[in-house]
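Participant: requesting a structural model of the entry that follows:
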Amino acid sequence: NLEIEIMAKQKRNIGQEITDQIIEIMETCGTDWVKPFASMATSPMNPVTGKKYKGLNALFLGLIGVQYAAGYGQWQTKGAQVIKGGKSVAITAPMPIKDKGSGDTKMVLFRGVNVFSASQVDGWTPPVVVHADTTDVLANVDQYVANTGARITPAEQAFYVPSLDHIG
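Facilitator: The predicted model follows:
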């Protein structure tokens, strides 16, 4: 069976490796936890494909403070070069297993791939991200909430009373 052969050939469990690294980060930080991704302009993304990383990859890259990451060859297509001694990080990449008859995807396995953060390359500059003025954004949120007609009153704890259609 092809699926069993592929799984048997995999010598590493990349998902477990990433999970172990996340646990290590959390244990190291203890109660002094700071969101390393708070200063990032957007979710971690691949600057070559323009796609945002998802799931475990997005969480992991965000936790280690990597906003832009791509494979060695991908960086070269952007005219960038990984610096000598640059350290990659392993993330997961899907491997769809197709049914030979129908061509439909039967299952998706994941393999490890190495990517380099933008801080590990020369010859590429991240795009300038223009942030919206939070005053305008919050005004839009306030207007949206006002348009719902919801009755909202300040409270020490968030709650909703369905019988009164009231939000606190």
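
Participant: from here on, just use CA atoms for contacts and neighbour counts.
Facilitator: Fine.

Participant: let's verify Pro94: helix, strand, or coil?
Facilitator: Under DSSP: H, G, I helix; E, B strand; the rest coil, Pro94 falls in the strand class.

Participant: what's the helix or strand for the residue nearest to it when sequence neighbours are not counted?
Facilitator: Excluding the flanking residues, the one nearest Pro94 by CA to CA, 6 or more residues apart in numbering is Phe110, at 4.5 Å. Phe110 is located in strand 105-117, with elements delineated by DSSP states H and E.

Participant: avg pLDDT for that strand?
Facilitator: Averaging pLDDT along strand 105-117 gives 90.

Participant: which of the residues in that strand are buried?
Facilitator: With burial defined by 16 or more other CA atoms under 10 Å, the residues of strand 105-117 counted as buried are Phe110, Arg111, Gly112, Val115, Phe116, Ser117.

Participant: then stretch 75-93?
Facilitator: Result for stretch 75-93 [16+ other CA under 10 Å]: buried residues Trp75, Gln76, Ala80, Gln81, Val82, Ser88, Val89, Ala90, Ile91, Thr92.

Participant: in strands only, show me these.
Facilitator: Counted as lying in strands by DSSP state E, out of the buried residues of stretch 75-93, are Gln81, Val82, Val89, Ala90, Ile91, Thr92.

Participant: would you confirm that the fourth one contacts Gly112?
Facilitator: Right, Ala90. Yes. The pair Ala90 and Gly112 qualifies as a contact (CA atoms under 8 Å) at a distance of 6.0 Å.

Participant: what residues do these two have in common as contacts?
Facilitator: Residues touching both Ala90 and Gly112 by CA atoms under 8 Å, 6 or more residues apart in numbering: Ile14.

Participant: ok, back up a step: which helices and strands sit right next to the strand holding Phe110?
Facilitator: helix 14-29, strand 69-70, strand 89-98 (3 or more CA pairs under 8 Å, 6 or more residues apart in numbering; DSSP states H and E).

Participant: contact partners of the second one?
Facilitator: It stands for strand 69-70. For strand 69-70, the external contacting residues (CA under 8 Å, 6+ apart) are Pro44, Met45, Asn46, Pro47, Val48, Val115, Phe116, Ser117, Ala118.
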